[in-house]
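Chemist: structure of the sequence below:
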Amino acid sequence: MSPPSSRARVAVVGTGGIVTGSHLKSLQAHADRVELVAAVDIDQARLDTFRKAAGAVGMAPRGFADLGAMLAAERPDLVLIGTPPSLHREQTVAALGAGAWVLCEKPLTLSLA
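Modeler: Sure thing, here's the model as predicted:
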């Protein structure tokens, strides 16, 4: 049995421009401390493109179309939310409820109401 990894297990939710263009590079730069274990997107083509880009830099995240299924299967330590603002609250609360730390791209919401 191999020893547990000391790296944080990270999942990304949303695989569009912010996550692919910025977060992926940061995750790669800190690969000694983080392991990208999962990516979630409802757009299968965008998810496949992200997973291919991640593979090109030595990462192999599992792909999911559903946040709840990913949280149950992967139990990440950290979830990066990079989806449209209207989804931030629900996704953040779900990830926190699953015991993960959350980094949510601003804005958290479009209105204080």
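Chemist: packing partners of the least confident helix or strand in the chain by mean pLDDT?
Modeler: Ranked by mean pLDDT, DSSP states H and E, the weakest helix or strand in the chain is helix 17-18, scoring a mean of 88. Applying 3 or more Cβ pairs under 8 Å, 6 or more residues apart in numbering; DSSP states H and E, one finds that helix 17-18 contacts no other helix or strand. C-beta here means a position set from N, CA and C on the backbone, and glycine is covered the same way.
Chemist: mind listing residues that contact the next helix or strand after that helix?
Modeler: Following helix 17-18 in sequence order, the next helix or strand is helix 24-29 (DSSP states H and E). By Cβ atoms under 8 Å, 6 or more residues apart in numbering, the residues outside helix 24-29 that reach it are 10, 12, 34, 36, 50, 53-54, 57-59.
Chemist: show the buried residues in those.
Modeler: 10, 12, 34, 36, 50, 54, 59 (16 or more other Cβ atoms under 10 Å).
Chemist: would you list the phi and psi of Thr92?
Modeler: Backbone geometry at Thr92, expressed as degrees, to the nearest 10, gives phi -60, psi -50.
Chemist: which of the buried ones among the contacts of helix 24-29 fall in helices?
Modeler: Residues of these located in helices (DSSP state H): 50, 54.
Chemist: ok, back up a step: dump the contacts of helix 24-29 to a markdown table, plus distance to His23 and pLDDT.
Modeler: Below are the contacts of helix 24-29 laid out as a markdown table (distance: Cβ to Cβ, whole Å; pLDDT from 0 to 100):
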| residue | distance to His23 | pLDDT |
| --- | --- | --- |
| Val10 | 9 | 98 |
| Val12 | 6 | 98 |
| Val34 | 11 | 97 |
| Leu36 | 9 | 98 |
| Phe50 | 10 | 97 |
| Ala53 | 11 | 95 |
| Ala54 | 10 | 96 |
| Val57 | 12 | 93 |
| Gly58 | 15 | 93 |
| Met59 | 11 | 95 |
